[in-house]
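Chemist: Here is the input, now give the coordinates:
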Amino acid sequence: MNDISQLPILYSLRHCPFAMRARLALFKAKQKVVLRDIVLSNKPQEMLNASPKATVPVLVLNKGTVIEESLDIMLWAFHQADPADFLHKSITDNQATKNEEMMALIHTFDTQFKTCLENYKCAKRYHETNLVECRQACEIFLNQLEQRLTQHPFLISNHESLADIALLPFIRQFARIERQWYLQAPYPNVRAWLNMYLQSAMFTKVMAKHPLWESNQAPLIFPQL
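Modeler: Residues are numbered from 1 along each chain as shown. Purely as a prediction, here's the structure:
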């Protein structure tokens, strides 16, 4: 698609984990969008008109369709192009598709783990007395990933999947809460998996800092492959 005016528009926030995983999927699927970086304290009216929910990410397609959830944006990207089979539609295991397993894992982390992670972050930020208990609640889920990563280098199989990049931003958050504890914690496979992403050229490009969007600026195309 050469006409910039026909490209989807992505409203994004650099460090928001939901926006981050949307950008990761767009990068992996090589789906170009016009990137509009914003701050939540100064939301542009154009984004509010497209999506009254007023949170990122928001993807506005060229025909006016609006996709407001990060996972839906990821799925949209890979439905446009998925040559590396991130959706694992070609792999089956005991009659249950890897795709189903992958979506179930993402759902668990988007609901149960995310709640535990928010409690853990708050306990650390406000110096609450239940910090260890909050961390241990998160560790139940981290143990699941550690066990998966003893079987193969990625969360679902020997190949990268939607689950890897969907969970990545939240495991990154977990690792940053008590950094020294995390570096010595009994999760070597999780650390190796996370570091592989954080040290990659891909992640550097996805996390590149851009000027905040203003209506009079030239369109910023993402990803720059």
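Chemist: and the helix or strand harbouring Leu168, what does it pack onto?
Modeler: Here Leu168 sits within helix 162-177, counting by DSSP states H and E. Using 3 or more CB pairs under 8 Å, 6 or more residues apart in numbering; DSSP states H and E, the elements in contact with helix 162-177 are helix 17-29, helix 70-80, helix 98-108, helix 114-125, helix 131-151, helix 179-184, helix 188-198. (Each C-beta comes from the backbone N, C-alpha and C, glycine too.)
Chemist: what about 10 Å?
Modeler: helix 17-29, helix 70-80, helix 98-108, helix 114-125, helix 131-151, helix 179-184, helix 188-198, helix 201-206 (3 or more CB pairs under 10 Å, 6 or more residues apart in numbering; DSSP states H and E).
Chemist: and of those, who's closest to Ala54?
Modeler: Minimum separation from Ala54 across those (CB to CB) falls at helix 17-29, 13.4 Å.
Chemist: average pLDDT for that closest one?
Modeler: Average pLDDT, helix 17-29: 98.
Chemist: And the next helix or strand past it?
Modeler: With secondary structure assigned by DSSP H and E, helix 17-29 is succeeded by strand 33-37.
Chemist: Parallel or antiparallel, list what pairs with that next one.
Modeler: If you go by DSSP bridges, strand 33-37 pairs up with strand 9-12 (parallel), strand 221-222 (antiparallel).
Chemist: Model confidence score at Glu100, please.
Modeler: For Glu100, the pLDDT comes out at 89.
Chemist: State the distance from it to Ile91.
Modeler: To Ile91, Glu100 is 11 Å away according to CB to CB, to the nearest Å.
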